[in-house]
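Asks: Dropping the sequence and predicted coords here.
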Amino acid sequence: MIRAVIVMNTQGKPRLLKFYEFQPPEKQKELMRSVLAVLSGRPDNVSNFVEADAIFGPGTRLVYKHLATLYFIFVFDNSENELAMLDLIQVFVETMDRCFKNVCELDIVFNFNKMHAIVDEIIFGGQVLETSSEQVMKAVEEIARLEKSSNSISFVPKAVSGRFGR
Amino acid sequence: MAATAAITTTSSPSLVDTLFQRSLDDVIRALRSSPSSASEETVISRALDEIRREIRSPDLDTKSVSLQKLTYLSSLHHLDLSWAAFHALELLPSPSLPHARIGYLAASLSFHPSSTELLPLATHQLRKHFAPSPANPPALAASALHLLALASSPDLGRHLASDLLPLLSSQSAASSSLRAKAVATALRTLAVCPDVAPVLFKPLVDCLSSSDPRTVSAAVGAFCELALAAPDPFPYLPLAPEFYRLLVDSRNNWVLIKVLKIFARLAPLEPRLASRILDPICQLLRRSHAKSLVFECIRTILSSLTDHEEAVRLAVDKVKEFLSSDDDPNLRYLGLRALSMLESAHPWVVEESREAVIKSLSDPDTNIRVESLHLIVGMLCESNVVEICNLLNKYAMKSDPEFANEIIGAMLVTCGKNLYELILDFDWYVALLGEMVRNPHCAKGEEIERQLVDIGLRVRDARPELVRVARDLLIDPALLGNPFLFRVLSASAWVSGEYVEFSRNPVELVEALLQPRINLLPSLIRAVYIQSVFKVMSFCFISFIEQIQAVELLSVGGSTQRSEKNDEQSDTVPLKTTESNVSEGDHGDTTADTVLLLDLIDKKTNFTRESISDLMNLIETAVAPLSECEEVEVQERARNVLGLLFTLRETQFWNIEAAHELKSDKELSEIIELLEAAFSEELGPVSANAQKRVSVPEGLNLNANLSDLSKILTDYDLTPSASISFSLQSYNPQETKEDSVLAVEPSSLLAEHRKRHGLYYLSTQRDGDELNDYPRANEPLLPVDHGDATEDLVKLTTPSLVPRKSKPTKPRPVVIRLDEGDGTSTSHLTTVKKSDNLLSEAIRGVLLENESQPSLSGKLDTSSKRRENDASDNSELISQQIESVTLEHGNSSSRKSRQHRTHKERYESHFKNEDIEKSSRHSIKSSRQHRRHKHRQRGDVTADIVPQTPAIQDFLL
């Protein structure tokens, strides 16, 4: 299964963290640090796999893609295929690209909920469910539509969202 | 003024803050505009204050926004969210979809079944959201499923398992993605709560034959997960026909990959299954263009179908394609990994791709380099070790520090394995060790130190080269700068001192040992240096005396003199140098004797009075300051050296011209005897088990007061008694011939010497007429009188020199091997590890039951457990069952097998999968049996079952 999905920038700031096995916050922090230490030591044009036993426990591997300012990282165990995971990262990035029209780090920073919606459509509870970015797009847009129709606050412009509390 | 300042700086909220709620975007902006991490902390703590206030608001909008902010901060800034768990649950029933989704997101990111007791409060809400109704859009049900998948506790799973059923079995196309999600949730529920298996397993199996590709894919993924996690995948064997169908029919690479993974696990259980799937897999391998699928096929063949030569051949061809894909490091890496899977079963494969593997050693990718290093090291054998190690060493010189050490470490481990069994040419190996040290990145000092000393002790023939290498290391100024290599220097110093007779230039050695820069070394290593100086000095002195004797013999000649010399030599110069050793054995021939002695004079560094005197002066100058050293180890040894020095000076040895004078100088000859006795015994390797096997001799009371010690010591002089033979004061056969007063001292000196070096070992005995007089560590200590004590000692003396096959061209030097304990200094460690393993295995046996409960479905677990116990009596039946099941697909024998099952119902209840899959009518009955059986089992076999287990078993009904 997939153990974690991590998007972080090259400075090590996490942009999306999804652990499919519960990790307490301090542990997450530590994991980020070790992952960054490993990845930042790797030049481009080398293989995308890293044995992650030392970081995520025995039998785990990590596949990553370095795109612009971001690392996209999937952590998985022996029930997943390395190359398939690499493809899945591609699907993930493509989907984001479609959703945000030329995705950049800022889109990811400001669309916390949508990012989670995308990931949840592709990976569910550690299992890969959908590998077509088109289908994912559809599902995510559907959710957005529903949310909008049910009088959302998060899609109301910001000027309106500042209101009196209590 | 002061009041305003107080308002803005303290925690009390400003007016604006209380009036307006900031959105998540506002918080993110504030975070992004904070320049330093400190100011970021301030922003976060301010936001937290806000959140704490807002989250209690009765207004759901305010609450949801504040929870959203909190979720963001907790997820990406690692804050604890658990205190807000209740607020997340409060949002779930909200009629507004965004509210509920925010609540679910917060809950799924932060809830942990063991850390929150709140989740049961959500049970009802989850159930409501699962239920198919127009009020529940799929997005809501999906969120609810997601929460259950990530945060399921056994309780929650148990309560909600049946609510998953409608989702799992829904056929409508609209809910197909929901169905797949339900499958994934069911998997997670099964994992944490195995006792829901009877409810969820059958629907899961049904999903395998669903018409919706997404559902099938999710179901296959779920079974792959289950089969791979199961300690024994046997219970999944009955599903093989389903998987086979998918393997043949499916065109989805994701599904095929998962199916292959399942088969890789199942195939070793059933040979017929292996031959059945072979063909489709090979076809996929030939046909597919997806590298991921190709690699999975390769992995399946190489891990589980290695008996099928043709398939392996095909897979290997594909691996070679991978290896040669220059533009894709991923494929090269995976190709190497595939090779390493074959390393033990089919070494020829690695040999075939040798060139590619060696080329990968200089790949820019660390992964690839490490992988190829493992492969190369795995290829090492007696015939290629020299070539490959030289190559590796060259690579190590060129590589970056980390990889250089990996290479060096791998070489050391492989070459040192099993007492250097790969090494035929020790001269080469010792030189290689020396070269490794020259690598500027080398940090493997400790292992190199161990091997240098170990080879010195075990391989007699390697000593001359060892001493040469050690000398080179000692005089190399560069090494003193690398703290990782201090241990190597310590070994070099010890080797040079211990085997100084092989040294070409002892004076130079002393200079190296006493160079001023040794101050850089830690005191313990300096202590070794000084002890080596001690040995070298006594060696030089003894050689000098021998020289005098030799010269006199030459000048006088004649048989009378010679006989005198012989007497003398056997008295005073026993066996230290090889030359004197030979000359002693060679009583017959005068000329041969003379030639030997001439040889001795020629070959040895000629010690003149002056050179010895200079040497002593040098030592005195260098060592004298150390006698005031603060480190006791250094100080003590320095004083020993100086003590010897002054004693020798007092004897006025330089006045002695000839051997007869030497003899007449009682004092000097005593000193020489003493020195030689002290160092005449070679140090040998010690068996890790030696000490254990020494039984306490009769009559020795280890608890007795030591005041009797003096009495025992005086006894020792006259009749060596068994009672002290096990102390470090060892017995030296030569000493008994000599006068008893002297005998005590050398042996105690020896003991002291050994103690200093931390080398504890049993004494050795030299037998005059033995051809190989090399000491053996397990020789009996003393001729003892006590019958059983002797027997024990005999056990100790099991021949330590194991003859090895040697090649006719160059015989491999003898490597001392002690006993079954392997005898290396690491052997102690390995034996400890072994027993540790046994222990840990036993513990794991208990723990696994514990651990596997949450990760597996209970029945799989229990059935496999039981099967182990019953393995002997029902193995036949099992194979029959497999047969019937595997044939079932597209075959009419299913009926037969069903009959078969009813006959053997008692056994069948072990395989509840089948029960569920095939005949629900059996399920109640069999599970009752199941339970009864389990109770019996628990009673007689698994007494150590963990507390958790019974609870689960109860629920199995």
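Replies: Alright, I've got the coordinates.

Asks: after whichever strand or helix holds B:Leu148 comes which helix or strand?
Replies: In this structure, B:Leu148 sits in helix B:138-151 according to DSSP states H and E. Downstream of helix B:138-151, the next assigned helix or strand under DSSP H and E is helix B:154-169.

Asks: ok, back up a step: and chain A, is the helix holding B:Leu148 touching that?
Replies: Yes. Using Cβ under 8 Å from any Cβ of the partner chain, helix B:138-151 reaches chain A at B:Ala139, B:Ala142, B:Leu145, B:His146, B:Ala149, B:Leu150, B:Ala151. C-beta coordinates here come from the backbone N, C-alpha and C atoms, glycine included.

Asks: Mind pulling the model confidence for the fourth one?
Replies: So the one you mean is B:His146. Reported pLDDT at B:His146 in the predicted model: 86.

Asks: Now the residue lying closest to it once chain neighbours are set aside: which helix or strand?
Replies: Using Cβ to Cβ, 6 or more residues apart in numbering or on different chains and skipping residues adjacent in sequence, the residue nearest B:His146 is B:Ser108, 5.4 Å away. Element membership for B:Ser108 (DSSP H and E) is helix B:97-110.

Asks: B:Leu285 - nearest residue in space that isn't next to it in sequence?
Replies: B:Leu285's closest residue in space is B:Cys297 (Cβ to Cβ, 6+ apart), at 4.2 Å.

Asks: Repeat that for B:Asp363.
Replies: Once flanking residues are discounted, B:Asp363 sits nearest to B:Arg369: 5.5 Å by Cβ to Cβ, 6+ apart.

Asks: How about the contacts made by that neighbour?
Replies: B:Arg369 makes contacts with B:Ser360, B:Leu361, B:Ser362, B:Asp363, B:Ser399, B:Phe403, as judged by Cβ atoms under 8 Å, 6 or more residues apart in numbering or on different chains.

Asks: CSV for these, including neighbour count and secondary structure?
Replies: Output for the contacts of B:Arg369, formatted as CSV (neighbours: other Cβ atoms under 10 Å in any protein chain shown; DSSP: H, G, I helix; E, B strand; the rest coil):
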residue, neighbour count, secondary structure
B:Ser360, 25, helix
B:Leu361, 22, coil
B:Ser362, 12, coil
B:Asp363, 19, coil
B:Ser399, 21, coil
B:Phe403, 18, helix
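
Asks: closest to chain A among those?
Replies: Chain A lies nearest to B:Asp363 out of those, by Cβ to the nearest Cβ, at 8.3 Å.

Asks: ok, the residue nearest to B:His146 - contacts?
Replies: Contacts of B:Ser108 (Cβ under 8 Å, 6+ apart): B:Ser143, B:His146, B:Leu147, B:Leu150, B:Ala151.

Asks: how about 6 Å then?
Replies: If a contact means Cβ atoms under 6 Å, 6 or more residues apart in numbering or on different chains, then B:Ser108 has B:His146, B:Leu147, B:Leu150 as its contacts.

Asks: how close does the last one get to A:Glu21?
Replies: I take that to be B:Leu150. Here the distance between B:Leu150 and A:Glu21 works out to 9 Å (Cβ to Cβ, to the nearest Å).

Asks: For those two, work out which one has more neighbours and name it.
Replies: Counted by other Cβ atoms under 10 Å in any protein chain shown, B:Leu150 and A:Glu21 do not tie: B:Leu150 has more neighbours, with 25 against 13.

Asks: If we ignore the residues flanking it in sequence, what's nearest that one?
Replies: The shortest distance from B:Leu150 to any non-neighbouring residue, by Cβ to Cβ, 6+ apart, is to B:Ser108 (4.6 Å).

Asks: now swap in A:Leu16 and tell me
Replies: A:Val7 (4.0 Å).

Asks: is the one you found in a bridge, and if so with what?
Replies: A:Leu16, A:Phe72 (DSSP bridges).

Asks: What is the burial count for it?
Replies: A:Val7 - counted by other Cβ under 10 Å - has 23 other residues nearby.

Asks: for the one 5 residues further on, same thing?
Replies: As a burial measure, A:Gly12 scores 14 neighbours (other Cβ under 10 Å).

Asks: Do a quick rundown of the strands in chain A.
Replies: Along chain A, counting by DSSP state E, strands occupy A:2-9, A:14-19, A:49-51, A:61-67, A:70-76, A:123-124, A:127-128.

Asks: Quick one: list the elements packing against the longest one.
Replies: I take that to be strand A:2-9. Using 3 or more Cβ pairs under 6 Å, 6 or more residues apart in numbering or on different chains; DSSP states H and E as the contact test, the elements touching strand A:2-9 are strand A:14-19, strand A:70-76.

Asks: Which residues of chain B lie near chain A?
Replies: With Cβ under 6 Å from any Cβ of the partner chain as the criterion, chain B meets chain A at residues B:19-21, B:23, B:57, B:61-62, B:72, B:75-76, B:78, B:80, B:96-98, B:105, B:112, B:137, B:139, B:146, B:149, B:180-181, B:184, B:188, B:218, B:221, B:224-225, B:228, B:257, B:291-292, B:295-296, B:329-330, B:333, B:365, B:367.

Asks: starting at the chain centroid, how far to the longest helix along chain A?
Replies: The longest helix of chain A (DSSP state H) is helix A:82-100. Centroid separation between helix A:82-100 and its chain, computed with Cα atoms, centre = their mean, to the nearest Å, is 10 Å.

Asks: what's the angle between it and strand A:70-76?
Replies: Per axes from the mean of the first three to the mean of the last three Cα atoms, to 10 degrees, the angle that helix A:82-100 makes with strand A:70-76 is 140 degrees.

Asks: wait, does helix A:82-100 contact chain B?
Replies: Yes. Counting by Cβ under 6 Å from any Cβ, chain B is contacted by helix A:82-100 at A:Leu83, A:Ala84.
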